[in-house]
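Novice: I would like the atomic coordinates for the input below:
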Amino acid sequence: MASHFIKETQIVGFEKPAEDLVRCLVEGTDELKLVSMVGMGGLGKTTLSNHVFRNKRVEKHFNYRLFITVSQSYTARELLINMVKEFYKDNMELIPKDLQEMDCKMLIDQVIQFLESKRYLVLFDDVWTEIFSDEIEHALINNNKGSRIIVTTRMMPVAEYFKKSFTVHIHELQPLPEDKACKLFHKKAFRCPLELVKMSNEIVKKCEGLPLAIVAIGGLLSTKEKSIVNYDDLPSHLKSCMPYFGIYPEDYTINRKRLTRQWMAEGFVRYTERETLEDVAEEYLTELIQRSLVNVSKVGFVGKSKVVKSMICCVK
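Specialist: Okay, here's the model as predicted:
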């Protein structure tokens, strides 16, 4: 069974839906039932389903639980192979050497053989197509033991399509209300500068109630000191240099000499009679480092920064 750790701060605003979903999984008839969680990207489908999947009451109720990430590029055969692999791992048995050679029918038989005697919970995260139901339904048998399936998807037609094969409970996620959104932001950004906390309402509104955006921005601000404020305070010649980091991928480490030469080639470095352009460019970089807008990733033998990384992914 895959382990997916979710911090408790990330379920702010999900408390009531989480309780409802847990009851839906552990209560009711012994007939196989499918819970479909629907909502746009960033609403927290994976976070909420994962939290419910790891709930103590859910863990105790089911004999077997399996978390499978589907994504857009899946094939039914790959999905079945992944399921069978997890079965063998959880039983601490060797995975059959001929697993990759098995066709879909053989793989489905393996899945049925493993699940038929168990009260199981299988979570399929990020399903993109209705065809998924046709390809996987034969493997997930109704063994009348109270087994459950969870599917997360961005598309309502996908959620509703499962009704042709399963008893379906559809849970449609909504953006967080403003009070819950602010609470989540403050939990994630508790170490950010006071001036940014004061801007929190404006920041939260920009996130439009999307938990993923709130968590990402709150977490970023909690570790970045005064990056945004510092950028606004930069002199004009440094403001010209700073956006250049935007051409590099996120978390990319940049060679110091290459960066300063690129600044020179772009005309960002101001000529002075007392210093070479290279020396002036070095001074620009040093000042950005001192302002905590650029992080030194590696130092050379002479104590100079050798590789640097921007603390702002992209400045507009």
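
Novice: averaged pLDDT, the helix or strand containing Phe67. What do you get?
Specialist: With secondary structure defined by DSSP states H and E, Phe67 is part of strand 64-69. Mean pLDDT, computed over strand 64-69, is 91.

Novice: who does that strand pair up with?
Specialist: Here strand 64-69 has these sheet partners by DSSP bridges: strand 120-127 (parallel).

Novice: what's whichever helix or strand comes after the partner strand packed up against?
Specialist: Moving toward the C-terminus from strand 120-127, the next helix or strand (DSSP H and E) is helix 131-136. Counting contacts by 3 or more Cβ pairs under 8 Å, 6 or more residues apart in numbering; DSSP states H and E, helix 131-136 packs against helix 76-90. From N, CA and C alone the C-beta is placed, and that goes for glycine too.

Novice: check contacts around Arg274.
Specialist: Neighbouring residues of Arg274 by Cβ atoms under 8 Å, 6 or more residues apart in numbering: there are none.

Novice: for it, what are phi and psi?
Specialist: phi -90, psi -20 (degrees, to the nearest 10).

Novice: now swap in the one 5 residues further on and tell me
Specialist: Main-chain torsions, Asp279, degrees, to the nearest 10: phi -60, psi -40.

Novice: what's the answer for Gly146, then?
Specialist: Residue torsions, per degrees, to the nearest 10, at Gly146 are phi 80, psi 20.

Novice: ok, now the one 4 residues further on?
Specialist: Dihedral angles of Ile150 (phi, psi; degrees, to the nearest 10) stand at phi -120, psi 130.

Novice: spatially nearest residue to it (excluding sequence neighbours)?
Specialist: Leaving aside its chain neighbours, Ile150 sits nearest to Leu123 (4.3 Å; criterion: Cβ to Cβ, 6 or more residues apart in numbering).

Novice: the one you found: neighbour count?
Specialist: Counted with other Cβ atoms under 10 Å, the neighbours of Leu123 add up to 24.

Novice: what sits against it?
Specialist: Applying Cβ under 8 Å, 6+ apart, the residues contacting Leu123 are Ser49, Asn50, Phe53, Arg65, Leu66, Phe67, Ile68, Ile149, Ile150, Val151, Thr152.

Novice: likewise for Ser71?
Specialist: Counted by Cβ under 8 Å, 6+ apart, Ser71 has contacts Asp126, Trp128.

Novice: where does it land in three-state SS?
Specialist: With DSSP: H, G, I helix; E, B strand; the rest coil as the basis, the three-state label of Ser71 is coil.
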